[in-house]
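S.K.: From the sequence below, what's the structure:
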Amino acid sequence: MFNPQNHQQKRRKVFMDSVEPVANILAFITAFILTPEIFGRTLEPFSNFVAARYGTDLLDLFQIGWFIAVALLTFYMARATVATAIVAAGLAAAMRFI
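M.R.: Predicted coordinates:
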């Protein structure tokens, strides 16, 4: 028997299952583009802080760690933002057509 509620749940599941891969791809592209820019603009002040507090021996290790931290933060913030935007756009489109 045709159940419209079940059909609607299946459509919602398909939409929600496609949000994560799309958000991951767009977040990767965003992180790839923005990580060098953010890293370049924040490296000097944080390197000066590390050199003043802990000495210059840790600068190389800090710079590698800082690059990784910036890349991960950029990726996860972009993924959260993109996923939220996709869901909000989907809800807006659904409300428009309902």
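
S.K.: Which strands or helices does the longest helix along the chain pack on?
M.R.: Secondary structure of the chain read by DSSP state H shows that its longest helix is helix 4-54. Using 3 or more CB pairs under 8 Å, 6 or more residues apart in numbering; DSSP states H and E as the contact test, the elements touching helix 4-54 are helix 59-97. C-beta: built from backbone N, CA, C; applies to glycine.

S.K.: Can you check what angle separates the helix it packs on from helix 4-54?
M.R.: Using axes from the mean of the first three to the mean of the last three CA atoms, to 10 degrees, the inter-axis angle of helix 59-97 relative to helix 4-54 is 160 degrees.

S.K.: Tell me the buried residues in helix 59-97?
M.R.: Going by neighbour count (16 or more other CB atoms under 10 Å), the buried part of helix 59-97 is Phe62, Trp66, Val70, Ala71, Thr74, Phe75, Ala78, Arg79, Val82, Ala83, Ile86.

S.K.: So for it, mean pLDDT?
M.R.: Over the span of helix 59-97, the pLDDT mean works out to 92.

S.K.: quick one: contacts of stretch 59-75?
M.R.: 27-28, 30-31, 34-35, 38-39, 42-43, 46-47, 50-51 (CB atoms under 8 Å, 6 or more residues apart in numbering).

S.K.: Just the buried residues of the residues you listed.
M.R.: In the contacts of stretch 59-75, burial by neighbour count holds for Ala27, Thr30, Ala31, Leu34, Thr35, Phe39, Ser47, Val50, counting by 16+ other CB under 10 Å.

S.K.: ok, the residues you listed vs Gln9, which is closest?
M.R.: Taking CB to CB as the measure, Gln9 sits nearest to Ala27 out of the buried ones among the contacts of stretch 59-75, at 27.2 Å.

S.K.: can you pull the contacts of the closest one?
M.R.: Applying CB under 8 Å, 6+ apart as the definition, the contact partners of Ala27 turn out to be Phe75, Tyr76, Ala78, Arg79, Val82.
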